[in-house]
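Student: below are the sequence and a predicted model; questions follow.
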Amino acid sequence: MVTPIIVALFGSSFHLVSGPTTAISIVVFTAVSHHAQVGSPEFIATALTLTFLAGVYQLFFGLARLGGLVNFVSHTVVIGFTAEAAILIDFHYIKQIVNSSKFELLIFVVTFLAALLLELEFAIYLGVLLSLMIFLSRTPTPKISSLSINQDKYDDRRYFLNIEKKPLSQCPQLKVISMSIYFGSVAYIQSHIGKIIEREKIYHILLIGNRINFIDLSGVEVLLSEHKYLQKYGDGLYFVRLNIRIYEFIVQTGFIKSIGKDYFFDNKAHAINSIYQKLDKAVCQNCSIKLFNKCQPKLTLTS
């Protein structure tokens, strides 16, 4: 008890817990009570040994910079465990879970019931495992957003907006999309682009890259494959606003050299103006949408 008292009196943080929390105390009690009689010298010695080993592990994880692994533990696992261990449940957190997605609610319920019916340690493992399974099941199907130009009703500013947020007309010849790319999602991305080509008969596709924070060789290969497929119809994939780290990686892989620098742009206005030159002008003349800057010369598109 000496160390927590010293930290509490002389510590610099107003938010750091300097002593054992209720949840941690219950975990220690549950683990040690199976091996020694409560209150006996053996119980105390075992608890101190467990505490020392926990500190050793924490020191190792800190030196190895493995703290980021905690990000893979769903917050609902922690809430479910804490709700059982604390006895008095904070209904504010429960309300947050109920109002969240069905997956978050499922993780919470499973973790909470497992803590009631099974060993406490097993309940935590079960919650973490379920979180990982749900994460992996959702990884192959990333969110792919279709964008179109929206005009602000208060001024003349025009910008791209997800059509799910507002029903906007789209260009019949150019598809603008935004998505993330990683190895587990390449099949889904390939299928989605294939549907744009086959069902919508659109062969000019502009990918806005501000959501691409990571891309691997699998992602590069599927984009190259789809670009070559689009070229059979006379065009391909275009890219705009890729961050510098992603751009440097695809340069190293030879992706830009294979596609050509003409398919990469720094801002959306430049990209639209360039792609517009390749659109079928016969279709443009009969189009009533008049979406882009070239269709409406008096309006400007912000990048």
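Tutor: Sure thing, it's come through.
Student: for burial, what's the neighbour tally of Val240?
Tutor: 23 (other Cβ atoms under 10 Å). C-beta here means a position set from N, CA and C on the backbone, and glycine is covered the same way.
Student: output stretch 138-156 as CSV, restricted to C-alpha atoms.
Tutor: The C-alpha atoms that make up stretch 138-156 are tabulated as CSV, following Å, rounded to 0.1, in the frame of the first residue of the first chain:
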residue,chain,number,x,y,z
ARG,A,138,-16.2,-7.5,-41.9
THR,A,139,-12.7,-6.9,-43.3
PRO,A,140,-13.4,-8.4,-46.8
THR,A,141,-16.3,-6.0,-47.4
PRO,A,142,-15.0,-2.4,-47.0
LYS,A,143,-17.3,0.5,-47.5
ILE,A,144,-17.2,1.7,-51.1
SER,A,145,-19.0,5.1,-51.5
SER,A,146,-20.3,6.5,-54.7
LEU,A,147,-19.9,10.3,-54.9
SER,A,148,-21.5,13.0,-56.9
ILE,A,149,-21.4,16.8,-57.0
ASN,A,150,-23.6,18.7,-54.5
GLN,A,151,-24.2,22.4,-54.7
ASP,A,152,-24.5,24.3,-51.4
LYS,A,153,-27.9,26.0,-51.2
TYR,A,154,-26.4,29.0,-49.5
ASP,A,155,-23.7,29.8,-51.9
ASP,A,156,-22.2,28.6,-55.2
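Student: pLDDT on stretch 214-225, on average?
Tutor: In this model, stretch 214-225 carries a mean pLDDT of 88.
Student: brain fart, stretch 152-162
Tutor: Mean predicted confidence for stretch 152-162 is 82.
Student: just stretch 276-289 next, same as before
Tutor: 89.
Student: now swap in stretch 194-201 and tell me
Tutor: 92.
Student: what's that stretch in contact with?
Tutor: 175, 177, 202-203, 205, 226, 229-230, 233 (Cβ atoms under 8 Å, 6 or more residues apart in numbering).
Student: now swap in stretch 256-268 and tell me
Tutor: Outside stretch 256-268, the residues within contact range by Cβ under 8 Å, 6+ apart are 160, 208, 224, 227, 236-242, 247, 250-251, 271, 274, 301, 303.
Student: just the buried ones from those residues?
Tutor: Neighbour counting with 16 or more other Cβ atoms under 10 Å marks 160, 208, 224, 227, 236-242, 247, 250, 271, 301 as buried within the contacts of stretch 256-268.
Student: which pair of those residues spans the longest distance?
Tutor: Maximum pairwise distance among the buried ones among the contacts of stretch 256-268 (Cβ to Cβ): 28.3 Å, between Leu224 and Leu301.
Student: what about Leu50, neighbour count?
Tutor: Neighbours of Leu50 (other Cβ under 10 Å): 15.
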